[in-house]
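*Asks:* prediction below, plus the sequence it came from.
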Amino acid sequence: MRAAVVTALRQVVPDLPDDVADRVEVSPAREAAHGDMATNAAMVSAKTARQPPARIAQALAAALVDGADVLRAEPAGPGFVNLHLRPDSLRATLPAILREGEAFGTSGAGQGRRVNVEYVSANPTGPMHIGHCRGAVVGDALANLLAKAGFAVTKEYYINDAGAQVAALAWAAYWRYLQAVGTPLSEDEFAAMVPGGLQYRGDYLIPVGEALRAEHGDALSGPGGTVADPALWFDGVRSFTVAAMMASIRADLAQLGVQPDVFTSERALVEAGAPDRVIEQLQAKGLIYEGILEPPKGKTPDDWEPREQTLFRATQFGDDVDRPLRKSDGSNTYFANDIAYHADKIERGAELMVDVWGADHGGYVSRMKAAVQAVAGDRPARLEIVLCQIVRVMRGGEPVRMSKRAGTYVTLADLIDEVGRDAVRFTMLTRKSDAQMDFDLDAVVAQTRENPVFYVQYAHARCRSVLRAATESYGTAALDSMALAQMPLDSLQDDAELALIRRLASWPRTVESAALAQEPHRIAFFLYDLAGDFHMLWNRGRDESTLRFLQADRLAETMARLAMVAATATVLRSGLAVLGVVPVEEMR
RNA sequence: GCGCCCGUAGCUCAAUUGGAUAGAGCACCAGACUACGAAUCUGGGGGUUGGAAGUUCGAGUCUUUCCGGGCGCGCCA
C-alpha cells in the first residue's frame, strides 16, 4: 500500500527527492471515521513541492482512487489523505491468516540479524523471588517477539559466579555442612570466623549442606566438626553450591516457561583470562589510563581518599566520568568482567545485544554502552538495555512486605503456585517495562473484564467454542483452515465484523513496531483490543440474531463467519505464543 | 549536590515513536439475560497530558527551565 502511495505522490510531485519519499508513512487509521489507512504524504512533501498540503492531498487522493485496493480516498485535516479500502481487500486478510496459521504476522524486518537477549541473570545465591520475575518474563517475551520479527535470537543467562557474593555463599553453605556433620560451634562463633560475616542464612542451604556431607562425609571439616583450612574445601564447596543454586533457578525458570539457550559463567571467563585480554585491547586503542577519580559532587563519602586505579575512558563515548576497571589493589572490577562478557557475545556473533536489567542498575547503562562501543570497534555490534522497574506485590490492597525474617519472602515458585504461570506472564506484560507496577494477587485471578488475562483467554475459548459447535453440524473437513480459506466472504459487511478484520490485519505491523521498539507489552495490549473487538461482535449477536456466527439456514454466511472466527483464534494464539502464554480451549 | 527513569481522567494504565477531536479498564450514572456460555455488553459524564517557555504545517512525545516521585552515585556484584 505504501508503494502505491509513493507512486501516486510522484505523479503529483514529479521531482520528489528520495529522502522525502522515505518519510512518507501509511498507517492504520486510529478512528473508523478516518477510513482504513491514512498517509501523511502531502504534509511531508509540501515544503519541497512548495504547495499547500491540502492541495497536494487533493491531487494525491484523486490519483489514488485509480488503484486496485482503494475504494475512496479523501483529503482530511491538516493534509492527511484517508484511504478507504475495498472491503474485498480487507477481507482478503482472512484467507491469508488461515493459510499461514500462527506464522501470520511473522516479519522479515530483522533480516536474520543475530540478536542476543540476556535476561534474568539472577545471582546464583538463592531461589528466585518475585523481584526477578518481571525481567524474566519481559526478556523471554522480547526474545520471542524479536524472533517473530525475523531476528535470529539467542536467549542467554549470565551466571555471576565469580565475585564476593558467591564467596559468601560458599561460606554459608559450609556452615550448613558443618551443622550436618555435627559441629560444636554456634552460629555466632562461626560467623565471627567468616571474612565479611555470615550471609545467606536462609533454610534453602540446609539441603546443600546435607548433600555435601553425603558426598564427602566429614572430610571437609576440621577435627570434631571445626572449620578446616579454606584452601582444602573452598573451591569445591563453592562450585558445588553454585551448581545446586543454578539447578533450583533452572527449575523455577522452567516453571515460568523460560528456557535460556545459553548459560555463560563469569568464572569461566575470568579463569580463561578474558577480562585481562579485553583490558589489553582497550589499552591498545588508547582508552585506558591510570588515574584518580574525583569524589562524587556534593556527597563525599566519609572514608573518601584518592586512590589510583586503572580507568576506562568512558567519557569518550558519552558517559559522565571515566570508569574503573581495576581496583586499587590491582584486581579487576565487576565492570571489567562485564566488558569481557559482552566482548565474548560479540565474538560469538551477536550483532545486537539486548540486556534486560532491574532498575537499580540504571546507573550502569551508559558505561556499559560506552564499553560495547569501544570494544566493538567497526564491527556492527550494538547494545540496547531494557530496564524493568520494581514490582510491588499487593494483596488485599496492601503491599506484601518482602522480608526473609518475617517469612513473607515471596518466591517465584510460590507465586506461580498461587496464580498460575499464564497469569503471571501476561500480567507482567501489561505495563511498559520502565514503569513501576503493582502486581495485585487478587486481581490476576479474578474472572472479570478488568483482568486482561482472563479477557483474552475467554475470547479464545469462545472462538473455540463456536468452532466446536460448528463441527457438530458441518464436520471437521468443512472447518479445516484450508477449506475455510476458500469460502466467499462477501457477507462480512457489518461494521463490527470489518473492525475485527481490520484489527487482525494490523497484527503484522504490531509485531514489527513492538519488536523494533523492544516493547513486548504492546503485544499484550493488542491482544486485549482484539479480544474486545471479538467480544463486542459476539454480544452484538445477542441483540441482532442475524449477526450470530452460526446461521442454521444460511450456509455461505456461516462459513464466512467461521473463517473469521478461526482467523481470530489463530491470531490470538499467535500473540499468546509471543508472550509465552498457553491459550485455553474452554474456561472453567 | 550530580546522573538516569517517571509524572496523562478520581484510580490503574495506553497512545502505531512528531500526526487529526489524547484513548481503554475500574469507579460513577442509565439501560440489556428466551444465549453460538451475560464470567458479558450498550450508552453517558469525566482532561490546561505537573507548571512555564521554545523548535514546526503539527508536541503527551523533541529542547531548555522549574516542581514532584523512584533508582543510583570510586576498590558491591
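*Replies:* Received, thanks. Numbers count the residues shown, from 1 in each chain, chains lettered A, B, ... in the order given.
*Asks:* pLDDT below threshold where in the stretch 151-300 of chain A?
*Replies:* Within the stretch 151-300 of chain A, the segments meeting pLDDT under 70 span A:297-300.
*Asks:* for it, which segments count as helices?
*Replies:* All helices of the stretch 151-300 of chain A, identified by DSSP state H, counting those that start in this stretch, fall at A:164-181, A:187-193, A:206-216, A:230-256, A:266-271, A:274-284.
*Asks:* out of those helices, which one sits most buried?
*Replies:* Counting by mean count of other CB atoms under 10 Å, helix A:164-181 has the highest mean neighbour count of the helices of the stretch 151-300 of chain A, with a mean of 21. Placement of C-beta: from N, CA and C, glycine included.
*Asks:* please work out which residues outside that one touch it.
*Replies:* The contact list for helix A:164-181, computed with CB atoms under 8 Å, 6 or more residues apart in numbering, reads A:123-125, A:160, A:185, A:187, A:190, A:194-196, A:198-201, A:205-206, A:208-210, A:212-213, A:217-218, A:220-221, A:225-227, A:233-234, A:237-238, A:240-242, A:245.
*Asks:* now do the strands in the stretch 351-500 of chain A.
*Replies:* For the stretch 351-500 of chain A, applying DSSP state E, counting those that start in this stretch gives strands covering A:352-358, A:382-388, A:391-395, A:398-399, A:437-440.
*Asks:* likewise the stretch 1-150 of chain A?
*Replies:* A:26-28, A:37-39, A:70-76, A:80-85, A:114-118.
*Asks:* and the lowest mean pLDDT element among the helices and strands of chain A?
*Replies:* strand A:398-399 (a mean of 70; mean pLDDT, DSSP states H and E).
*Asks:* strands paired with that strand, and their directions?
*Replies:* Take DSSP bridges as the rule and strand A:398-399 pairs in its sheet with strand A:391-395 (antiparallel).
*Asks:* quick one: mean pLDDT over the partner strand.
*Replies:* Averaged over strand A:391-395, pLDDT sits at 76.
*Asks:* how about the residues of the stretch 1-150 of chain A by RNA strand B?
*Replies:* The stretch 1-150 of chain A comes close to RNA strand B at residues A:25, A:27-30, A:33-34, A:38, A:40, A:43-44, A:46-47, A:53, A:76-80, A:82, A:123, as judged by CB under 7 Å from any atom of the strand.
*Asks:* restricted to helices, list these.
*Replies:* Among these, the residues falling in helices (DSSP state H) are A:43-44, A:46-47, A:53.
*Asks:* pLDDT below threshold where in chain A?
*Replies:* A:32, A:66-68, A:297-302, A:396-397, A:401-409, A:449, A:588.
*Asks:* quick one: contacts for the most centrally placed residue in it?
*Replies:* By CA atoms, centre = their mean, chain A has its centre lying nearest to residue A:142, at 2.8 Å. By CB under 8 Å, 6+ apart, the residues touching residue A:142 are A:117, A:119, A:354, A:356, A:386, A:518, A:520.
*Asks:* ok, now residue A:431?
*Replies:* Per CB under 8 Å, 6+ apart, neighbours of residue A:431: A:437, A:521.
*Asks:* the one 4 residues further on now?
*Replies:* Neighbour list for residue A:435: residue A:389 [criterion: CB under 8 Å, 6+ apart].
*Asks:* give me that answer again for 10 Å
*Replies:* Each residue near residue A:435 by CB atoms under 10 Å, 6 or more residues apart in numbering is listed here: A:388-389, A:521.
*Asks:* stretch A:278-293 near RNA strand B anywhere?
*Replies:* Yes: using CB under 7 Å from any atom of the strand, we find that stretch A:278-293 touches RNA strand B at A:292-293.
*Asks:* hmm, who's touching that stretch?
*Replies:* Outside of stretch A:278-293, the residues within contact range by CB under 10 Å, 6+ apart are A:269, A:273, A:305-314, A:316-317, A:321-326, A:328, A:332, A:336-344, A:370-371, A:374-375, A:377.
*Asks:* check stretch A:551-563 too.
*Replies:* Contacts for stretch A:551-563 (CB under 10 Å, 6+ apart): A:91, A:94-95, A:97-98, A:463, A:466-467, A:470-471, A:473-474, A:478-479, A:481, A:483-493, A:497, A:537, A:541, A:545-550.
*Asks:* same thing but at 7 Å, please
*Replies:* A:94, A:98, A:467, A:470, A:479, A:484-485, A:487-489, A:491-492, A:549-550 (CB atoms under 7 Å, 6 or more residues apart in numbering).
*Asks:* next one: stretch A:456-474
*Replies:* A:479, A:527-528, A:531, A:534-535, A:538, A:549-550, A:562, A:565-566, A:568-569, A:572-573, A:583-587.
*Asks:* of those residues, which are in range of RNA strand B?
*Replies:* Within these, those near RNA strand B by CB under 7 Å from any atom of the strand are A:528, A:535, A:538, A:549-550, A:586-587.
*Asks:* gap between the spatially closest residue to residue A:11 that is not a sequence neighbour and RNA strand B?
*Replies:* Closest residue to residue A:11 apart from its sequence neighbours, by CB to CB, 6 or more residues apart in numbering: residue A:63 at 5.1 Å. Separation of residue A:63 from RNA strand B (CB to the nearest atom of the strand, to the nearest Å): 17 Å.
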